[in-house]
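A.B. asks: Sequence and predicted structure below; questions after.
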Amino acid sequence: MIWWQGMARRKTPELDAYVGARIRRLRKERGLTMMQLVEASGGGVSQPAISALENGRASPTVATLSAIAEALGLSVADLVANPDQDTRQWIFDHIRGWSAGELRALAQVVREGPPEPRSTRRTSRVRRKRRPPQKSETG
């Protein structure tokens, strides 16, 4: 269960504050002003509404979350996600002491996504080896 699912029918000031702070952080990380976020949302959210959300003074609707998430290039789930502290700590514990080169390689994997599965690579390698020679190769 996602940490916020049980809160849907109650007043949720903690959730509102969390989501608002997350919206503000993500907006600023992308170098957007509130008005630029309004424009990116296609006018689906007003500047006063974004201000109220970011300051925890309003509870977002699903439509509002959807418009903001799309404007920020995220899914609604990613917008409201609460990174698991234990997972973060595990990652930090495992990369502590890595060299700069190892950290750059990790960052590249994170940016590009996981590598192609080995079974697929092996299959394509086998296919290349069995490929009949091209006309230019038989010459």
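C.D. replies: Arrived safely, thanks for sending.

A.B. asks: I'd like to know how far residue 63 sits from residue 14.
C.D. replies: Note on residue 63: its distance to residue 14, by C-beta to C-beta, to the nearest Å, is 22 Å. C-beta coordinates here come from the backbone N, C-alpha and C atoms, glycine included.

A.B. asks: ah, wrong one, I meant residue 110
C.D. replies: In terms of C-beta to C-beta, residue 110 sits 30 Å off from residue 14.

A.B. asks: Likewise for residue 69?
C.D. replies: As judged by C-beta to C-beta, residue 69 and residue 14 stand 20 Å apart.

A.B. asks: do the same with residue 95
C.D. replies: Here the distance between residue 95 and residue 14 works out to 31 Å (C-beta to C-beta).

A.B. asks: Equivalent analysis for residue 49, please.
C.D. replies: Distance from residue 49 to residue 14, by C-beta to C-beta: 20 Å.
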